[in-house]
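>>> quick one: sequence plus predicted model below, questions after.
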Amino acid sequence: MAPAPKPPTVRSCQLMARLTLSALGRAAEQPGIWSEPAVHRAVLISGLSVLVSGLAQLQDDLG
């Protein structure tokens, strides 16, 4: 029997986490980018999005 498909929350959380890590990896190669306030906001927003999605998934798992 095939496993049940993952709900959209899991997929979006995983995708956002991967995108955030990828962006941080690229930013680490360009130290000057950290002087841009928009970068700080983007990292904060994407990190919060991953956190909220992860918490929603955890609540679903715990019932």
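Yes, it's here.
>>> residue contacts, residue 54?
residue 13 (Cβ atoms under 8 Å, 6 or more residues apart in numbering). C-beta here means a position set from N, CA and C on the backbone, and glycine is covered the same way.
>>> any idea how far it is from residue 35?
Taking Cβ to Cβ, to the nearest Å as the measure, residue 54 falls 30 Å from residue 35.
>>> the helices in the protein, which residues?
Under the criterion DSSP state H, the chain contains helices at 8-28, 37-62.
>>> need the pLDDT of the nearest residue to residue 27 once chain neighbours are set aside.
Leaving aside its sequence neighbours, residue 27 sits nearest to residue 33 (Cβ to Cβ, 6 or more residues apart in numbering; 5.0 Å). The per-residue pLDDT reported for residue 33 equals 83.
>>> I'd like the numbering to begin with 327 instead of 1 from here.
I'll keep to 327 as the first residue from here, and by that count the last item is residue 359.
>>> residues near residue 359, how many?
Neighbourhood size, residue 359 [other Cβ atoms under 10 Å]: 13.
>>> quick one: it and residue 367, what's the gap?
Taking Cβ to Cβ as the criterion, residue 359 is separated from residue 367 by 13 Å.
>>> tell me which residues touch residue 341, please.
Neighbour list for residue 341: empty [criterion: Cβ under 8 Å, 6+ apart].
>>> how much space between it and residue 361?
Using Cβ to Cβ, residue 341 is found at 28 Å from residue 361.
>>> one step back: mind putting the helices of the chain into CSV with mean pLDDT?
Converted to CSV, the helices of the chain look like this (pLDDT from 0 to 100):
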stretch, mean pLDDT
helix 334-354, 77
helix 363-388, 85
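>>> list the buried residues of stretch 339-349.
By neighbour count on 16 or more other Cβ atoms under 10 Å, the buried set for stretch 339-349 is 339, 342, 343, 346.
>>> err, stretch 370-389, not the other one
So for stretch 370-389, counting by 16+ other Cβ under 10 Å, buried means 372, 375, 376, 379, 380, 383.
>>> contacting residues for the first one?
Right, the one you point to is residue 372. Residue 372 is in contact with 342, 345, 346, 349, counting by Cβ under 8 Å, 6+ apart.
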